[in-house]
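Undergrad: here is a sequence together with a model predicted from it:
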Amino acid sequence: MGVDRLIRRIGPHLLPWLHKSPYGPILFVRHLSYKDIKKATDGFHRIIYCNSHGTAYMARFQDGGVALVKEVTSQEKDVFYREVQLLGRLHHRHLLPLRGFSTGNKRVLIFDSIENGSLKEHLSDPLKTPLNWRTRLQIAIGVAAALEYLLLFSDLPMYHVSITSSSIMLDENFTAKLSDVSLLSSGGNDVTVPHASCPEECVVPDRGNLILQLGVLILELITGQCSEEGGADLIQWVQGSRFASSMHKMIDPDLGNNYNSSELKRLLTVAKLCIKSGDKPMFSIPQILHYVQKKLDVSRD
């Protein structure tokens, strides 16, 4: 892969510099050449998605490797290095791992390869291979598993998380990788997550928003419709009085009849519960994950 080859080539020359970080050595994350990253992103013009926390670009290296490069905005130098260190410690099958960082006119984070691009591409681009039903189930469960990890098992104190079809990447096996995770900053609709040692009664201020995003994502997987405006249209549909009668019309035509109708109804039930939660979630992410795995008989990966 392009990122790995670049790391092997320049890493030995830059290792001493890494120890200058005020937070100590940045393990398993390398400082890459800004010039090389700029070239790989075509001068930072290959945009994958953009939000208030920065822009993500596709980096295509000479050997054919493809990676995600994310610009970090409105951060002091020390805060940027802290984010590099903390994100570098996250390891989960459904999180896009941080491989490197670079500084120049922009401060950027370089994440792992994204062979099959974003989920949005496969739902909306007619030239992309349609996703089968089983793959869509695995994507929904994978995203929920990544959220469970971030909420319960990582030691990252607080961070912003955004779940959209644009920010979910697919690897060579179409395994979902959550890419939009960053250190909490001031302002915006951040999700504040307590430390893993925080007791059960700890309140996560925007936990309801996170569960809402998961519900909208599930609707996107079922309908094949990508909604970047908070999913207002999909939410209106699933909450409408004609939902039951229109359900069969909203199923993604790319699925044809190649899906399990019982599984689809159960997944829709999960989406409705997520959306109905509002600011006061009725269920936690671990409970949602457990329910989906149990009802859909899909093993956890």
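TA: Perfect, I can see it now.
Undergrad: what ranges do the helices span in the stretch 151-300 of the chain?
TA: Taking DSSP state H, counting those that start in this stretch as the test, the helices found in the stretch 151-300 of the chain are 207-223, 232-239, 243-250, 261-277, 285-296.
Undergrad: and those, which is most packed in?
TA: helix 207-223 (a mean of 23; mean count of other CB atoms under 10 Å). Placement of C-beta: from N, CA and C, glycine included.
Undergrad: for that helix, packing partners?
TA: Secondary-structure packing of helix 207-223 (3 or more CB pairs under 8 Å, 6 or more residues apart in numbering; DSSP states H and E): helix 119-124, helix 133-148, helix 232-239, helix 261-277, helix 285-296.
Undergrad: before we move on, back to that, please identify which of the helices of the stretch 151-300 of the chain is closest to residue 72.
TA: Closest to residue 72 of the helices of the stretch 151-300 of the chain is helix 207-223 (CB to CB; 21.2 Å).
Undergrad: coming back round to it: adding mean pLDDT and distance to residue 43, write the helices and strands packed on helix 207-223 out as CSV.
TA: Shown next, in CSV, are the helices and strands packed on helix 207-223 (pLDDT from 0 to 100; distance: least, CB to CB, whole Å):
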stretch, mean pLDDT, distance to residue 43
helix 119-124, 92, 22
helix 133-148, 94, 31
helix 232-239, 82, 34
helix 261-277, 87, 39
helix 285-296, 85, 39
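Undergrad: tabulate those helices (JSON lines), appending distance to residue 78.
TA: Shown next, in JSON lines, are the helices and strands packed on helix 207-223 (distance: least, CB to CB, whole Å):
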{"stretch": "helix 119-124", "distance to residue 78": "34"}
{"stretch": "helix 133-148", "distance to residue 78": "28"}
{"stretch": "helix 232-239", "distance to residue 78": "39"}
{"stretch": "helix 261-277", "distance to residue 78": "37"}
{"stretch": "helix 285-296", "distance to residue 78": "31"}
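Undergrad: count of residues packed around the residue nearest to residue 109 when sequence neighbours are not counted?
TA: Closest residue to residue 109 apart from its sequence neighbours, by CB to CB, 6 or more residues apart in numbering: residue 70 at 4.7 Å. Using other CB atoms under 10 Å, residue 70 has 27 other residues around it.
Undergrad: residue 70: what secondary structure?
TA: With DSSP: H, G, I helix; E, B strand; the rest coil as the basis, residue 70 sits in strand.
Undergrad: low-scoring stretches of the protein, by residue?
TA: Residue ranges of the chain with pLDDT under 70: 1-28, 74-75, 153-159, 184-207, 228-230, 241, 277-280, 297-301.
Undergrad: out of the helices and strands packed on helix 207-223, which is closest to residue 59?
TA: helix 119-124 (16.1 Å).
Undergrad: mind listing what's buried along that closest one?
TA: By neighbour count on 16 or more other CB atoms under 10 Å, the buried set for helix 119-124 is 119-123.
Undergrad: what is the nearest of these to residue 131?
TA: Distances from residue 131 to these, taken by CB to CB, are shortest for residue 122, at 5.3 Å.
Undergrad: coming back round to it: can you redo the helices of the stretch 151-300 of the chain as CSV, where the extra columns are distance to residue 167?
TA: Putting these into CSV (distance: least, CB to CB, whole Å) gives the following:
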stretch, distance to residue 167
helix 207-223, 10
helix 232-239, 17
helix 243-250, 23
helix 261-277, 18
helix 285-296, 17
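Undergrad: so which of those helices is nearest residue 34?
TA: helix 207-223 (32.5 Å).
Undergrad: centre of the chain to the closest one, how far?
TA: Centroid separation for helix 207-223 versus its chain: 12 Å, with CA atoms, centre = their mean, to the nearest Å.
Undergrad: tell me the angle of that helix relative to helix 133-148?
TA: Interaxial angle, helix 207-223 versus helix 133-148 (axes from the mean of the first three to the mean of the last three CA atoms, to 10 degrees): 170 degrees.
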